[in-house]
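Engineer: Predicted model follows, preceded by the sequence.
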Amino acid sequence: MIRCNDVFKSFSEKTVLSGISFNIGDGEIFGLLGPSGAGKTTLIRILTGQLSFDKGYVTVFDKEVSSLLGEDKKNIGIMMDQFGVYERLSCIDNLKVFADIYKAPYDRIKSTLEEVGLKDAQNLPAVKLSKGMRARLALARVFMHSPKLIFLDEPTSGLDPQTMRQIHKIILEKKKEGCTVFLTTHNMEEAYKLCDRVALLNEGVIVENDTPERICRKYNHQKTIKLHLSSGEDVVIPHESNSSEMIGRLLSDGSIETIHSSEPTLETVFLELTGRMLEEDE
Amino acid sequence: MRNSLIIIKKQVKDTLKNKTVLIQFILFPIMALIMENAIRIDSMPELFFTKLFSIMYIGMAPLTSVASIISEEKEKNTLRVLSMANVKPWQYLFGVGFYVWIICMIGAGVMAAVIKKEDIPFYLLVMAVGFAVSILAGACIGIFAGNQMTATSIVMPVMLVFAFSPMLAMFNENIEKVARFAYTQQLKVFMDGMSFSGIKTDNILILAVNAMLMAVLFFIAFRKKGLE
């Protein structure tokens, strides 16, 4: 669906993206993780043909991105981090503007609003919607014309956990329908839960690109097992063959309450690779 | 063209719910009608209030509304969403500009109710040209300003100069000498004559220079800032 090969982008003297390469297959959810200012939004703008780049090669739908036609762009849905809704217009009127642009039938509007849980608020002006509802309205705008490729730039940033879960559910449903999703986030739990593959972006460079599970396993240097005993004590033992005897003994005693493996999270992998936290400010 | 029509349709719905912009469109036509019919002073020139408010309308309504619409769309990120939906900048600007021009022409039509039938085409032509130049000026400001606050702070002095200088020029010769370089003052001269025969070459020249200047500023602002 997307091929990005050795892409460079600079603004004046500052290099924002440096040698970015990755491929995204059909029906895949690809996550781009990085802190604010890492170059995530710039990359989305390049992949959607809104911004030119200095060097490299990008294809979307097997076409060079700069040669994408209007018809190709109708198969792309984009939700940026700021939702960009018309505040004085109702949810329905907001979607009507884009239904007209994409030539989507009006009956899609109500079904899409229902899909994102905004059916009861369909006649409310956007200014009266909560931040979570606005996010869902922006999502509805993205899905309304049934695009094959969806770009979501931090779709859950600053939202409450319930809205976040609703949005995750909607994204996973779109994947089931065969959509390819390019998601940027600095929420590693979100990436772990949703993404088939993630790329860790730091200061314009992809420092890792694989499935979340494989990345976490790859950087599992500690190789320890943490046992929480019924006595309340935590015991950390090495992940070695001779530990099995001890675990077996404790299990047969019934003294183990929980067993945890100690592979790192995406957050700790990112910290190890870059010395930065994902959610730190610029 | 289709996208421009969608922008116009959206703008109609939005304006009906936007009191700030709506009042700019209806204030002067209503004021002109009321004042023209309610106030009678013996030595007052014919259609004094209609001509005065018409020039103020040209200098205010299109300028402030276009600047406000564009800067709000930039500030609220809706312009970016439109561009991502493959709406070209010219389609958007044409849609907004044409919409404002039509609404202002309707306002001019209301004000024309008190003008003699044979003078109405000339009056509407003067108004149409004035609105077009003001829309260009408003678009320059809207494109140049990053948000509504900046747009308002730029619009205010520009609007005061163009809308009020013709009125002040009536009372002060020195102001008239400076104001004659503004397109609104030239349009006031056209309106006072209310016929093509009263138009001189220098009137046309000043108006053309004003229009060209606005067009050049518009292209500079657009090239420098775009609609981002």
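Structural biologist: Received it, and whenever you're ready, just let me know what you need.
Engineer: tell me which element the residue positioned nearest the centre of chain B falls in.
Structural biologist: What sits nearest the mean C-alpha location of chain B, by CA atoms, centre = their mean, is residue B:62, with 3.3 Å. Assigned by DSSP states H and E, residue B:62 belongs to helix B:48-75.
Engineer: which phi and psi does residue B:76 have?
Structural biologist: Residue B:76 adopts backbone torsions of phi -90, psi 0, taken as degrees, to the nearest 10.
Engineer: and residue 213, helix, strand or coil?
Structural biologist: This is for chain A. Three-state call for residue A:213 (DSSP: H, G, I helix; E, B strand; the rest coil): helix.
Engineer: ok, now how distant is it from residue A:219?
Structural biologist: For residue A:213, the distance to residue A:219 (CB to CB, to the nearest Å) stands at 12 Å. From N, CA and C alone the C-beta is placed, and that goes for glycine too.
Engineer: Compare those two and say which one has the larger neighbour count.
Structural biologist: Taking other CB atoms under 10 Å in any protein chain shown, residue A:213 and residue A:219 do not tie; residue A:219 has more neighbours (18 against 10).
Engineer: Just give the nearest non-adjacent residue to that one, would you?
Structural biologist: The shortest distance from residue A:219 to any non-neighbouring residue, by CB to CB, 6 or more residues apart in numbering or on different chains, is to residue A:269 (4.6 Å).
Engineer: so what pLDDT did that neighbour get?
Structural biologist: On pLDDT, residue A:269 comes in at 83.
Engineer: Give me the contacts around the strand or helix carrying it.
Structural biologist: If you go by DSSP H and E, residue A:269 is part of helix A:266-274. For helix A:266-274, contacts defined as CB atoms under 8 Å, 6 or more residues apart in numbering or on different chains pick out A:33, A:188, A:191-192, A:198, A:200, A:202-203, A:207-208, A:212, A:215-216, A:218-219, A:264, A:276-278.
Engineer: Show only the entries of these found in strands.
Structural biologist: Using DSSP state E, the members of those that fall in strands are A:33, A:198, A:200, A:202, A:207, A:208.
Engineer: wait, which of these is closest to residue B:83?
Structural biologist: Residue B:83 lies nearest to residue A:33 out of these, by CB to CB, at 26.4 Å.
Engineer: Now do the contacts for the closest one.
Structural biologist: Taking CB under 8 Å, 6+ apart, we find residue A:33 in contact with A:184, A:185, A:186, A:188, A:191, A:198, A:199, A:200, A:201, A:266, A:270, A:278.
Engineer: Tell me the one of those nearest residue A:55?
Structural biologist: For the contacts of residue A:33, the closest approach to residue A:55 (CB to CB) belongs to residue A:201, at 17.4 Å.
Engineer: gap between the spatially closest residue to that closest one that is not a sequence neighbour and residue A:249?
Structural biologist: Closest residue in space to residue A:201, ignoring its immediate chain neighbours: residue A:34 at 3.6 Å, by CB to CB, 6+ apart. Relative to residue A:249, residue A:34 is positioned 45 Å away (CB to CB).
Engineer: thinking residue A:105 is in contact with residue A:96, fair?
Structural biologist: No - Residue A:105 is beyond contact range of residue A:96, at 11.2 Å (criterion: CB atoms under 8 Å).
Engineer: So for the two, which residue has more residues nearby?
Structural biologist: The neighbour comparison of residue A:105 against residue A:96 (other CB under 10 Å) goes to residue A:96, with 20 against 10.
Engineer: hmm, the helix or strand where that one lies in reach of chain B?
Structural biologist: Using DSSP H and E, residue A:96 sits within helix A:91-102. Yes - counting by CB under 8 Å from any CB of the partner chain, chain B is contacted by helix A:91-102 at A:93, A:97, A:98, A:100, A:101, A:102.
Engineer: Between which two of these is the distance greatest?
Structural biologist: Largest pairwise distance in these, by CB to CB, is 15.3 Å, between A:93 and A:102.
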